[in-house]
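> Okay, sequence plus prediction incoming.
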Amino acid sequence: MNTILILENVSCAGCVKKIETCISKIPDIEHAEVNFPQRKLYIQGSVNSELVISELNNIGYRARLSQNEAEDRIKQKASDSAQYRQRLIHSAVALSLGIPMMLAGFFMDEMSVQTTNDQILWGIIGALTLAIMYFSGRHFFSGAITALRNGSSTMDTLIAIGTGSAWLFSMLIVLFPQLFPESARHIYFEATVMIIGLVNLGLAMELRARSRTSDAVERLLDLQPKTARVIRNGKEQDIPLELVNIGDQIRIRPGEQIPVDARVLEGQSYIDESMLTGEPLPVNKTSGDTISGGTLNKSGSLLVVAERVGSETALSRIIEMIKQAQNSKPEIARLADKISSIFVPVVILISIATATLWYFFGPEPKVAYMLITATTVLIIACPCALGLATPMSVMVGVGKAAEHGILIRNAQALQTASAINTIVLDKTGTITEGAPTLTDIISVHSPDDRLLALAASLEQLSEHPLGEAVVKAAQEKNLELHSVEQFNAITGRGVSGKISTQNILLGNHALMHEQNINTQAVSDAVKRLTQTAHTPIFIAIDGQLEGVLAVTDPIRHDSASAIKRLQKAGIKVIMLTGDNQLTAAAIAKQVGVDEFIAEVMPADKASKVKELQQQGAIVAMAGDGINDAPALAQADVGFAIGNGTDIAIESADMVLIRNSLHSVADAIELSKAALKNIRQNLFGAFIYNSLGIPIAAGILFPFTGILLSPIIAGGAMAFSSATVVANANRLRLFKPSA
Ligand SMILES: Nc1ncnc2c1ncn2[C@@H]1O[C@H](COP(=O)(O)OP(=O)(O)OP(=O)(O)O)[C@@H](O)[C@H]1O
Ligand SMILES: [Cu+]
Ligand SMILES: [Mg+2]
């Protein structure tokens, strides 16, 4: 069970850790995670949401339950744009007083209080500043007070202390100038309003940029039409999508979006599936084919029957998966969260230490220097950029991946995929198309057709793709199949069974060898076939070899080029297959893998992956997900090459909707780009704070006389968050290399 709460007043990344810790302590809650960019709290476990909300209230946050997705989105949008406008107005008002004051400071020689006239003038300006602090900066102060009541501190605390102390100090000078030496009577009202103005401007810019990042999910949500034309009681009528049931017959006209997952009953048309698969070419669909909700009917008119509706459709599940991934955090984010959570109290201590140092070692006027440095430290140390760095890139990266038909299950997969150095590829269905066909029948005694009929009789009970190829060939020849008794599937070997009185054995060379069946008679033919990438299926009746069927599975046309791309990225490519050595070698050579391992039993695929991991490799595994599940799960990153839009592949970390190995290369490239983006963001944010603090504290002053002004610190903080968001948005320009 997942519960989503919308957080109404988280202002700062420092809050994230605090909320998560507080909520995780509630019994029965398995996991709580805050998505800072989305301002949402995701909770797993059985949740009493009222309890959670009241706990949140206790630590100073307002929250409400998210109920209806569409409504939430509209509300969120409205509140975001209202907040954006408000922040802009706050900023404009503060800057319109702050900028003239700052300019005046440049051009007039001294903004200080020496005469009674000065006192009156600055008194008025001080009152005006207070009014602006109330109008534009009230939210910082109320946030700081709430935090204080809970014995904690946030970004608001830093801004409130910084701007508040600048104002108080200036007001003291205005009221009692005689308390201060003449040189120390400088006024800092302009710093107060400028900081409030700039921070508000930064928040506004961040809101703007943030609203652009959730595009991917919205784009997919918009693919769902609102209504469907259903045929009920012989009449066609448009009904709301939510009322469509499984089994309903639906008419789809040219140019329409498909409403639900369905099977075609009548008609023929080309369907554009690019929105789900990233595959640009429209696909031909006729009766019996399945189509997915959200795809676009290009040309013909179709009559279809609904097979999956509501949250069960491929589209809904894709959306759900993207959302979950966007809300998850990679390992790399944990450190940043931890740092931001202890940052604020540490910064306050640094600021006090700075003031103390200036008091003992600084030049006159000591009070003025103490105030500037302590305030600047408080403002510049705000960790807001740090907390945004990872979640922003994850959101954009996961969304971008979806556009290319790559569904990422969680953000950690993104991080791991960027670091893999070995990839294991399954052969059948991954490098090859997974649709084998029968090409040759080599018979020792009986007629070919009799052999094929016997083989197909057994294989129709098997689920193996090789078996399907045999059955299909028999059907094409309209052969009559026999009933089979004592059917037995021998994993990684073949099948056996009894037809009337004959014991039939069907399978690979290993199986024949184990049963002491001599295959000498066909060995030349088998050699020729395997060297040309055919898989031989031996058939024996009552312990005697009867012949061989040869099956071949075409290599996907783009497998070789995709493998080259992976190798170019420095990744070792290993093919893993249950097929025999010679066939595997022929295919390995054609596609150019670095290494191949043949005759691996299905159950051993996972331990092969483990072996590679023990040798120190970071291993990805790509498979079609049917019998590769344990290996996919064992790998550091499992790629399931989905079949069309079937994404019911639980063991994979990434599901590739497009049927191409290029998707694997795309996914790895994107992961690298995303991780690079995260690192840039983290580096930027860390550097900004860690260089900013000593400079603000005045470390350069003894040598160069340089001291940061608190106004610059305010501007830098505002723009650092905005830069992080803008940099994350750059990921939207990502294009795979081929
Ligand atoms: N139903 C079957 N009919 C005939 N041969 C079979 C059957 N099942 C398995 N075999 C034989 O056993 C071998 C190993 O099967 P397995 O399913 O492990 O691998 P595979 O599907 O051939 O290859 P991959 O590992 O790439 O999927 C097959 O290559 C085939 O020779
Ligand atoms: Cu901040
Ligand atoms: Mg297989």
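Great, that's in hand. Numbers count the residues shown, from 1 in each chain. Ligands and ions are numbered 1, 2, ... in the order given.

> Report the separation between the two terminal residues of stretch 218-238.
From its first residue to its last, stretch 218-238 covers 24 Å (C-alpha to C-alpha, to the nearest Å).

> in this structure, what residue is nearest ligand 1?
Proximity of the chain to ligand 1 (C-beta to the nearest ligand atom) peaks at residue 578, 2.2 Å away. C-beta coordinates here come from the backbone N, C-alpha and C atoms, glycine included.

> Name the next helix or strand following the lowest-mean-pLDDT helix or strand in the chain along the chain.
The weakest-scoring helix or strand in the chain, judged by mean pLDDT, DSSP states H and E, is helix 215-221 (a mean of 75). Scanning forward in sequence from helix 215-221 by DSSP states H and E, the next helix or strand is strand 227-232.

> Any chance you could list what contacts that next one?
236-241, 244, 248-253, 259-260, 303 (C-beta atoms under 8 Å, 6 or more residues apart in numbering).

> mind redoing it with 7 Å?
236-241, 244, 248-251, 259-260 (C-beta atoms under 7 Å, 6 or more residues apart in numbering).

> In helices, which of the residues you listed fall?
Within the contacts of strand 227-232, no residue falls in helices by DSSP state H.

> what's the closest non-adjacent residue to residue 577?
residue 427 (3.7 Å; C-beta to C-beta, 6 or more residues apart in numbering).

> what about the helix or strand hosting residue 170, distance to the chain center?
Using DSSP H and E, residue 170 falls within helix 155-175. Chain-centre distance of helix 155-175: 42 Å, with C-alpha atoms, centre = their mean, to the nearest Å.

> do the same with stretch 374-385
On C-alpha atoms, centre = their mean, the centre of stretch 374-385 falls 31 Å from that of its chain.

> near ligand 2 at all, it?
Yes. Stretch 374-385 reaches ligand 2 (C-beta under 5 Å from the ion) through 382, 384.

> what residues does the stretch 551-700 of the chain put near ligand 1?
With C-beta under 6 Å from any ligand atom as the criterion, the stretch 551-700 of the chain meets ligand 1 at residues 577, 578, 579, 602.

> all strands for the stretch 51-200 of the chain, in order.
When assigned using DSSP state E, counting those that start in this stretch, the strands of the stretch 51-200 of the chain occupy the ranges 63-65.

> ugh, wrong one, the stretch 601-738 of the chain
With DSSP E, counting those that start in this stretch as the criterion, the stretch 601-738 of the chain has strands spanning 619-623, 637-641, 654-656.

> and the first one, C-alpha only, in PDB?
By that I understand strand 619-623. Output of strand 619-623 as PDB, limited to C-alpha atoms (Å, rounded to 0.1, in the frame of the first residue of the first chain):
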ATOM      1  CA  VAL A 619      27.500  -6.900 -14.400                       C
ATOM      2  CA  ALA A 620      24.400  -6.000 -16.300                       C
ATOM      3  CA  MET A 621      22.200  -8.800 -17.800                       C
ATOM      4  CA  ALA A 622      19.800  -8.400 -20.700                       C
ATOM      5  CA  GLY A 623      17.300 -11.100 -21.300                       C
END
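
> follow-up on the earlier one: the residue of the chain closest to ligand 1: how many residues sit nearby?
22 (other C-beta atoms under 10 Å).

> Enumerate every residue touching it.
Contacts of residue 578 (C-beta under 7 Å, 6+ apart): 492, 599, 600, 601, 602.

> SS state for the third one?
With DSSP: H, G, I helix; E, B strand; the rest coil as the basis, the three-state label of residue 600 is coil.

> before we move on, the earlier item: for the helix holding residue 170, name the packing helices and strands.
helix 116-149, helix 189-213, helix 331-361, helix 366-380 (3 or more C-beta pairs under 7 Å, 6 or more residues apart in numbering; DSSP states H and E).

> How is this protein divided into domains?
2-67, 77-216+323-394+676-733, 245-308, 405-433+555-661, 437-552 (the TED database).

> Quick one: these as TSV, columns for distance to residue 229 too.
Rendered in TSV, the data for the domains of the chain read as follows (distance: least, C-beta to C-beta, whole Å):
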stretch	distance to residue 229
domain 2-67	29
domain 77-216+323-394+676-733	29
domain 245-308	5
domain 405-433+555-661	22
domain 437-552	36
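
> and residue 223, which of those domains is closest to it?
Among those, the nearest to residue 223 by C-beta to C-beta is domain 245-308 (3.7 Å).

> avg pLDDT for the closest one?
Mean pLDDT, domain 245-308: 88.

> Same question for stretch 174-191.
Averaging pLDDT along stretch 174-191 yields 79.

> residues from the stretch 101-250 of the chain in reach of ligand 2?
residue 155.

> what about the stretch 101-250 of the chain, any weak spots by pLDDT?
Residue ranges of the stretch 101-250 of the chain with pLDDT under 70: 106-111, 183-184, 212-215.

> And for the chain?
In the chain (pLDDT under 70), the answer is 1, 11-14, 67-70, 106-111, 183-184, 212-215, 625-626, 642-650.

> Regarding the residue of the chain closest to ligand 1, what is its secondary structure?
coil.

> what are the phi and psi angles of it?
For residue 578, the backbone dihedrals (degrees, to the nearest 10) come out as phi -90, psi -10.

> repeat for residue 545
Taking degrees, to the nearest 10 as the convention, residue 545 sits at phi -70, psi 130.

> which strand residues sit across from it in the sheet?
Here residue 545 sits in beta bridges with residue 540, going by DSSP bridges.

> i'd like the first residue to be 33 from this point on
Happy to do that; since the first residue is 33 now, the last one works out to residue 577.

> Would you confirm that it contacts residue 548?
No. Between residue 577 and residue 548 there is no contact under C-beta atoms under 7 Å: 11.0 Å.

> got the angle between the longest helix along the chain and helix 221-245?
In the chain, ranked by residue count with DSSP H as the criterion, the top helix is helix 101-139. Between the axis of helix 101-139 and that of helix 221-245 there is an angle of 150 degrees, by axes from the mean of the first three to the mean of the last three C-alpha atoms, to 10 degrees.

> What residues sit buried inside helix 101-139?
104, 108, 116, 118-120, 122-123, 125-127, 129-130, 133-134, 137 (16 or more other C-beta atoms under 10 Å).

> Can you tell me how far the closest residue to residue 109 other than its chain neighbours is from ligand 2?
Nearest residue to residue 109 in three dimensions, chain neighbours excluded: residue 243, at 7.3 Å (C-beta to C-beta, 6+ apart). The gap separating residue 243 from ligand 2 is 19 Å, by C-beta to the ion, to the nearest Å.

> Please apply the same query to residue 97.
Counting by C-beta to the ion, the separation of residue 97 from ligand 2 is 28 Å.

> In this structure that residue contacts residue 82, no?
No. Using C-beta under 7 Å, residue 97 is not in contact with residue 82, being 8.8 Å away.

> the more surrounded of these two?
Each of residue 97 and residue 82 has its neighbours counted (other C-beta under 10 Å); residue 97 has more, 14 against 9.

> Around ligand 1, pick out the residues from the chain.
So far as C-beta under 6 Å from any ligand atom goes, the chain lies against ligand 1 at 458-460, 491, 494, 496, 498-499, 524-527, 538-540, 567, 569, 609-611, 634.

> ok, the residue of the stretch 433-582 of the chain found nearest ligand 2 - how many residues close by?
Closest residue of the stretch 433-582 of the chain to ligand 2, C-beta to the ion: residue 443 (23.6 Å). Residue neighbour count, defined by other C-beta under 10 Å, stands at 27 for residue 443.

> Surely it touches residue 354?
No. Judged on C-beta under 7 Å, residue 443 makes no contact with residue 354 at a distance of 11.5 Å.

> Just give me the residue closest to the centre of this protein.
Nearest to the mean C-alpha position of the chain, counting by C-alpha atoms, centre = their mean, stands residue 430 at 3.1 Å.

> other SSEs contacting the host helix or strand of that one?
Applying DSSP H and E as the criterion places residue 430 in helix 416-435. Judged by 3+ C-beta pairs under 7 Å, 6+ apart, the packing partners of helix 416-435 are helix 221-245, helix 247-253, helix 346-359, helix 363-393, helix 443-449, helix 694-729, helix 742-762.
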